[in-house]
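J.: Next comes the sequence, and after it the predicted model I'd like to discuss.
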Amino acid sequence: MASLLFPTASALQQNPKIICFSTFKPTFHSTSLPFTYRFKGNPGRCNANFGNIPDVLLDQLPIVQSGLVQFQRVTEELPQTEKWGLAVFAGLTWIYLTARPGVLIGAVDAYLLAPLQLAFDSLTGRRRLKMTDFVIREKLGEGSFGVVYSGVVVPKNVSVQETVEKRGRGRGRGRGNAAGLDGKYKEKVILKKVKVGIQRAEEFGDFEEWFNYRLSRAAPETCADFLGSFVADETKSPFAKGGKWLVWKFEGDRDLEDYMKDRSFPVNLESLMFGRALQGVESVKRNALIIKQIMRQIITSLKKIHDTGIVHRDIKPANIVVTKTGRVKLIDFGAAADLRIGKNYIPKMSLLDPDYCPPELFVLPEETPNPPPEPIAALLSPILWQLNSPDLFDMYSAGIVLLQMAIPTLRSITSLKNFNTEIKKAQYDLNRWREITRLRPDLTILELDSGRGWDLATKLISERGYLRRGRLSAAAALRHPYFLLGGDQAAVVMSKFSLTK
Ligand SMILES: Nc1ncnc2c1ncn2[C@@H]1O[C@H](COP(=O)(O)OP(=O)(O)OP(=O)(O)O)[C@@H](O)[C@H]1O
């Protein structure tokens with residue numbers, strides 16, 4: 001990195017990488033350098049602060065500079081109207097390239113940041129994981145394409161024979177210390193074994209890896225910290241030679257589904273999220289604030305991933321982990337689709353959990369063709385996004401999560417299934433559902449503050465309206481009165497300053 005701050009004449013002569021953009025006509029130049037740099041007037045007066053500019057960008061500056069000179073020369077000769085036309089065209093192109101899902105930033109990510117990340121990870125050894133780096137603790141779950149385990153990282157100077165931790169005290173999802181492994185094994189991880197021999201499992205494993213790397217660059221705070229992948233080099237249960245494994249940092253003991261199964265929900269999340277800041281608040285209001293904070297975090301994360309062109313497609317409490325600092329993170333990107341370049345998008349294929357899936361079933365209309373090659377898909381993606389608002393798919397699922405958190409009787413699998421049957425009958429109109437339901441929902445939490453929570457729920461759980469819109473996007477949901485002036489944010493801030501947490 002080179003730091004450029006108020007360059008003086010001598011600095012300009014000494015540092016081959018200083019360029020003053022504000023002027024173009026030459027009065028000073030240095031030829032002792034690989035490029036010829038020209039500056040107008042007194043270079044000591046050039047007072048732009050470039051901050052820390054990476055060398056790789058600085059190397060591009062001569063090209064940019066000469067481009068600007070060329071541009072100025074060309075436009076100088078043009079008549080005024082054409083100059084305006086050019087400016088409008090440049091403006092519209094800029095708007096198009098920066099509109100969601102961000103063709104320009106996507107190209108920077110694909111052609112610059114991803115290779116840089118790969119180079120950095122290779123240099124630091126992050127991409128050289130191997131099976132002997134980990135000891136498996138216990139199986140946490142199994143999906144269609146993978147089996148998930150908790151595990152620990154074997155410290156560098158230690159070699160272990162066993163691949164699976166021996167049973168003992170303190171076992172279980174990261175609780176207690178790593179039993180039998182004498183406390184040296186402090187770094188807990190989550191490992192997902194991609195199933196071998198299952199149709200499309202390997203493909204989904206590769207997609208999940210790709211999405212995790214992409215999000216680790218674009219929106220790292222939204223998802224579990226991805227450590228990389230490895231291929232097992234021998235068969236030693238549960239490893240099978242040639243099988244692929246994905247590894248994440250262990251983010252928390254329980255996911256939102258685990259917390260919601262507990263009768264004390266949402267109070268069981270209070271101390272994690274707010275410390276003691278809600279003490280003294282009346283019970284219903286306290287519950288409402290906890291739920292609002294969880295919902296705010298889920299929707300903020302959704303907004304960030306949607307901004308990158310990614311739709312998660314499997315939002316549900318089991319795919320939301322709560323960290324020990326009270327942060328909510330999204331996991332399981334195996335079903336996600338990047339609609340900027342068409343990654344993991346196959347027309348008419350849905351990989352859904354029917355309990356959380358919106359009525360349209362597909363993220364894009366069924367007649368959408370197979371995506372073209374990635375650069376072309378990327379160029380067309382703002383149009384596709386404007387016409388179809390694929391992000392609203394996740395917003396419906398988020399609405400179901402809100403309803404389940406706020407209405408205790410909707411938390412069991414059976415009652416959620418009944419709800420889905422009823423809401424279908426009510427044509428996905430929550431107000432109509434309220435009149436016909438036999439589930440006797442307690443709507444107290446949603447009815448607080450003049451029913452703001454209920455209003456938000458009705459705008460998330462709905463059919464798509466005119467032009468496939470209607471349902472609130474993540475950005476619009478965050479502007480809904482339910483979140484505006486929400487006391488949950490104030491309580492989070494207070495808990496940060498409180499020493500009693
Ligand atoms: N980084 C993590 N930190 C803590 N717990 C995690 C993490 N990743 C996953 N888990 C736990 O493991 C469970 C299963 O993970 P996940 O949902 O990714 O796999 P799955 O659904 O079983 O597999 P599939 O991808 O085949 O659907 C989660 O519900 C969560 O409780």
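T.: Received it, and whenever you're ready, just let me know what you need. Numbering: from 1, shown residues only.
J.: is the ligand contacted by the helix or strand encompassing Val135?
T.: Val135 belongs to strand 134-142 when assigned by DSSP states H and E. Yes - counting by Cβ under 6 Å from any ligand atom, the ligand has neighbours in strand 134-142: Leu140, Gly141, Glu142. For glycine as for every other residue, the C-beta is placed from the backbone atoms N, C-alpha and C.
J.: Show the average pLDDT along that strand.
T.: Summarised as a single mean, pLDDT over strand 134-142 is 92.
J.: now stretch 222-235
T.: Across stretch 222-235, pLDDT averages out at 93.
J.: Next: stretch 253-269.
T.: Mean predicted lDDT for stretch 253-269 stands at 95.
J.: Ends of that stretch, what's the gap?
T.: End-to-end distance of stretch 253-269 (Cα to Cα, to the nearest Å): 12 Å.
J.: List the contacts of that stretch.
T.: 173-175, 286-287, 290-291, 294, 316-322, 324, 326, 328, 331, 401, 404-405, 408, 411 (Cβ atoms under 8 Å, 6 or more residues apart in numbering).
J.: Can that stretch be said to contact the ligand?
T.: Yes - using Cβ under 6 Å from any ligand atom, a contact is recorded between stretch 253-269 and the ligand, made by Asp255.
J.: Could you check that stretch and say which residues are buried?
T.: Residues of stretch 253-269 classed as buried: Asp253, Arg254, Asp255, Leu256, Asp258, Tyr259, Met260, Phe265, Pro266, Asn268, Leu269 (neighbour count, 16 or more other Cβ atoms under 10 Å).
J.: Closest one to Leu116 out of these, please.
T.: Asp255 (32.4 Å; Cβ to Cβ).
J.: Bridge partners for the residue nearest to Lys244 when sequence neighbours are not counted, pull those for me.
T.: Nearest-residue entry for Lys244: Val194, 4.4 Å, with adjacent residues in sequence omitted and distances by Cβ to Cβ, 6 or more residues apart in numbering. Beta bridges link Val194 to Gly146 when assigned by DSSP bridges.
J.: my guess is Val194 meets Arg200, correct?
T.: No - in this structure Val194 lies outside contact range of Arg200 using Cβ atoms under 8 Å: 10.6 Å.
J.: Quick check on those two: which one has the bigger neighbour count.
T.: Neighbour count, other Cβ atoms under 10 Å: between Val194 and Arg200, Val194 has more, with 23 against 14.
J.: Looking at the protein, which helix is longest?
T.: The residue-count maximum for a helix in the chain (DSSP state H) belongs to helix 283-307.
J.: What separation do you get for Leu269 and Val492?
T.: Separation of Leu269 from Val492 (Cβ to Cβ, to the nearest Å) stands at 12 Å.
J.: okay, and the common contacts of the two?
T.: Gly326.
J.: Any idea how many residues pack against Gly470?
T.: That count, for Gly470 with other Cβ under 10 Å as the rule, works out to 13.
J.: wait, isn't it in contact with Leu460?
T.: No - using Cβ under 8 Å, Gly470 is not in contact with Leu460; the gap is 10.5 Å.
J.: show me the contacts for the residue lying closest to Thr444 once chain neighbours are set aside.
T.: Among residues not flanking Thr444 along the chain, Val284 sits closest, at 5.9 Å (Cβ to Cβ, 6+ apart). By Cβ under 8 Å, 6+ apart, the contact set of Val284 is Thr444, Ile445, Leu448.
J.: Among the buried residues of stretch 253-269, which one sits closest to Ala110?
T.: Nearest to Ala110, judged by Cβ to Cβ, of the buried residues of stretch 253-269 is Asp255 at 31.2 Å.
J.: Just read off the phi/psi values of that closest one.
T.: The phi/psi pair for Asp255 (degrees, to the nearest 10) reads phi -90, psi 170.
J.: Could you pull out the buried residues of stretch 341-354?
T.: Ile341, Gly342, Lys343, Asn344, Tyr345, Leu351, Leu352.
J.: near the ligand at all, that stretch?
T.: No - looking at stretch 341-354 against the ligand by Cβ under 6 Å from any ligand atom, there are no contacts, and the closest approach is 8.9 Å.
J.: chain center to stretch 264-280: distance?
T.: Offset of stretch 264-280 from its chain centre (Cα atoms, centre = their mean, to the nearest Å): 26 Å.
J.: was I right about Leu339 contacting Gln386?
T.: No - with contact defined as Cβ under 8 Å, Leu339 does not count as touching Gln386 (11.6 Å).
J.: if we can go back for a sec, in the strand holding Val135, what's buried?
T.: Phe134, Val135, Ile136, Arg137, Leu140.
J.: Tell me the one of these nearest the ligand?
T.: Using Cβ to the nearest ligand atom, Leu140 comes nearest to the ligand of the buried residues of strand 134-142, at 4.2 Å.
J.: need the contact list for that closest one.
T.: Contacts for Leu140 were tallied using Cβ under 8 Å, 6+ apart; they are Val148, Tyr149, Ser150, Arg173, Ile190.
J.: cool, and Gly197?
T.: Contacts of Gly197 (Cβ under 8 Å, 6+ apart): none.
J.: which residues of the stretch 301-450 of the chain score low on pLDDT?
T.: Within the stretch 301-450 of the chain, the stretches with pLDDT under 70 are 348, 350-351.
J.: how close does Leu92 get to Leu410?
T.: 47 Å.
J.: higher neighbour count, these two?
T.: Higher neighbour count among Leu92 and Leu410: Leu410, with 18 against 10, using other Cβ under 10 Å.
J.: so who does the more buried one touch?
T.: Counted by Cβ under 8 Å, 6+ apart, Leu410 has contacts Leu403, Gln404, Leu416, Phe419, Leu439, Pro441.
J.: That one - nearest residue in space that isn't next to it in sequence?
T.: Gln404 (4.9 Å).
J.: Test my guess that the one you found contacts Arg411.
T.: Yes - contact criterion Cβ under 8 Å: Gln404 and Arg411 qualify, at 5.4 Å.
J.: For the two, indicate the residue with more neighbours.
T.: Gln404 (25 against 18).
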